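Colleague: the sequence isn't on hand, but the structure is:
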């Protein structure tokens, strides 16, 4: 792994506090190579400060080896606030700042793609709704939330559930994810008996629970963020409704797992994830390294590197910075957005920390052409508040890709 030295700044309009820690501890003085990292903070549906911490931790851990040809990487953070206007603003700021790549997590990034593309800026944003796999300048490192919802029915299959109901939040871009969940479920022989869509502002779920009780599925698949999901499962427990629950890992930290699992009951909560969880360090050396680098970041005063902010989105951002550093090290000549884009288009089978085999230059399906061949999903139960993948060998997303509408 090439060494990276990091400085952290915040973007202007829509910017976030990037933390005051000095992450350029190697003291590199070459011209900075700028990367923007975006994530939502302060929104009740999505509040992921761990994304910034994961990116900073990855860079901090490798900054003593000399940077990219002696040039430090400068991370610019931008709070997209889960707002389309802020998403556009972050993309404009990225173009104005002269970044070579765009990283992080943004559920509404599709509104920013034209701005990024017009500036020739490649993106490695976490996959959220599939649009990330349909654009020439987008190169997700993992399947992300999109992959998890694509294959969410795998938890039903693993848990022995023959029928499912789906509770999903109504949100821009969520329609395709919801359709994919249903299509894959049916392809696996799992009957979808009910689909309940709820508003992002819904805070009480007694009527939803009663509708689920009437539908009587073997398992309920939840496609909502942590606050709504926690309230839904708590309401069900209070009303004496105890199905099996299937959920996705991307936005959840260990505190979320424990809260939802406590209300779901013993053995009643199953998860699907695009990456192993932060709790699986003994099972996956790459996760052990992630935790060690986050501990180091916390010791060096990087904000939000504590355990409560260690979720899959944070791990994904950590991988994104490592992956970009690996690709940048292969570039002969100046590292610019143009040369980074060209390098990404020819990169295949890059091992990123033993957790992902990344092929941004590979080919996916006709519907999702940027879906990397080795993007994978893990499945397992939450036991004693801890999510444990059943196997070290995940299911490849492309193995189930043809089952969704359009392939």
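Modeller: Nice, thanks for sending it over. Remember, it's a predicted structure, so these values are computed and weren't measured experimentally.

Colleague: please make it C-alpha for all contacts and neighbour counts, starting now.
Modeller: Will do.

Colleague: how about the helices of the stretch 251-400 of the chain, start to end?
Modeller: Listed in chain order, the helices of the stretch 251-400 of the chain (DSSP state H, counting those that start in this stretch) span 254-264, 285-299, 312-328, 337-346, 397-401.

Colleague: please disregard the earlier target; I meant the stretch 51-200 of the chain.
Modeller: For the stretch 51-200 of the chain, the helices defined by DSSP H, counting those that start in this stretch cover 84-97, 113-118, 144-150, 153-159, 174-187.

Colleague: mind checking pLDDT for the residue lying farthest from the centre of the chain?
Modeller: Checked against the mean C-alpha position of the chain, the extreme residue using CA atoms, centre = their mean is residue 214, at a distance of 33.6 Å. Residue 214 is assigned 97 on the pLDDT scale.

Colleague: give me the helices and strands touching the host helix or strand of it, please.
Modeller: Element membership for residue 214 (DSSP states H and E) is helix 206-215. Packed against helix 206-215 by the contact rule (3 or more CA pairs under 8 Å, 6 or more residues apart in numbering; DSSP states H and E) you find strand 191-198, helix 226-238.

Colleague: hmm, who's touching that helix?
Modeller: With contacts defined as CA atoms under 8 Å, 6 or more residues apart in numbering, helix 206-215 is touched by 165, 193-194, 196, 232, 235-236, 239, 241.

Colleague: the inter-axis angle of it versus strand 191-198?
Modeller: For helix 206-215 and strand 191-198, the angle between their directions (axes from the mean of the first three to the mean of the last three CA atoms, to 10 degrees) works out to 170 degrees.

Colleague: can you give me the buried ones in helix 206-215?
Modeller: Across helix 206-215, burial judged by 16 or more other CA atoms under 10 Å covers 206, 208-209, 212, 215.

Colleague: and it with helix 226-238, angle?
Modeller: 60 degrees.

Colleague: any idea of the mean pLDDT for the following helix or strand past helix 206-215?
Modeller: Helices and strands here follow DSSP H and E; after helix 206-215, the next one along the chain is strand 219-223. For strand 219-223, mean pLDDT rounds to 95.

Colleague: pairing partners for strand 219-223, with directions?
Modeller: strand 163-169 (parallel), strand 244-248 (parallel) (DSSP bridges).

Colleague: tell me the average confidence for the last one?
Modeller: Read that as strand 244-248. Per-residue scores along strand 244-248 average to 93.

Colleague: over to stretch 195-209?
Modeller: Per-residue scores along stretch 195-209 average to 95.

Colleague: show me what counts as buried in that stretch.
Modeller: Judged by neighbour count (16+ other CA under 10 Å), stretch 195-209 contains these buried residues: 195, 197-198, 205-206, 208-209.

Colleague: just give me how far that stretch sits from the chain centre.
Modeller: Relative to its parent chain, stretch 195-209 has a centroid offset of 24 Å by CA atoms, centre = their mean, to the nearest Å.

Colleague: please apply the same query to stretch 314-333.
Modeller: That offset, for stretch 314-333, works out to 16 Å (CA atoms, centre = their mean).

Colleague: which residues touch stretch 251-262?
Modeller: The contact list for stretch 251-262 (CA under 8 Å, 6+ apart) reads 46, 48, 225-226, 229-230, 233-234, 268-269, 278-279, 307-313, 382-387.

Colleague: any of these buried? List them.
Modeller: For the contacts of stretch 251-262, a burial check counting by 16+ other CA under 10 Å picks out 46, 48, 225-226, 229-230, 233-234, 268-269, 278-279, 307, 309-313, 382-383, 385-387.

Colleague: which of the helices of the stretch 51-200 of the chain sits most buried?
Modeller: Compared across the helices of the stretch 51-200 of the chain, helix 144-150 shows the largest average neighbour count, a mean of 29 (mean count of other CA atoms under 10 Å).

Colleague: and it, average pLDDT?
Modeller: pLDDT averaged over helix 144-150 gives 88.

Colleague: circling back: what's the closest of the helices and strands packed on helix 206-215 to residue 126?
Modeller: When these are compared by CA to CA, helix 226-238 sits nearest residue 126, at 17.8 Å.

Colleague: for the closest one, packing partners?
Modeller: Judged by 3+ CA pairs under 8 Å, 6+ apart, the packing partners of helix 226-238 are helix 206-215, helix 254-264.

Colleague: can you list the weak-confidence ranges in the chain?
Modeller: For the chain, residues meeting the criterion pLDDT under 70 lie at 1-26, 62, 64, 253-254, 267, 373, 401-407.

Colleague: and this protein, what are its domains?
Modeller: 6-143+279-358, 148-273+376-401 (automatic domain parsing).

Colleague: any chance of those domains in a markdown table, with distance to residue 365 too?
Modeller: Below are these laid out as a markdown table (distance: least, CA to CA, whole Å):
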| stretch | distance to residue 365 |
| --- | --- |
| domain 6-143+279-358 | 9 |
| domain 148-273+376-401 | 7 |
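
Colleague: tell me which of the ones you listed lies nearest to residue 370.
Modeller: Using CA to CA, the nearest of these to residue 370 is domain 6-143+279-358, at 4.4 Å.

Colleague: from the buried residues of helix 206-215, which is closest to residue 245?
Modeller: Distance to residue 245, by CA to CA, is smallest for residue 212 among the buried residues of helix 206-215, at 11.7 Å.

Colleague: hang on, isn't residue 82 packed against residue 109?
Modeller: No: using CA atoms under 8 Å, residue 82 is not in contact with residue 109; the gap is 9.2 Å.

Colleague: give me the more crowded residue out of those two.
Modeller: Between residue 82 and residue 109, residue 109 has the larger neighbour count (other CA atoms under 10 Å), namely 27 against 22.
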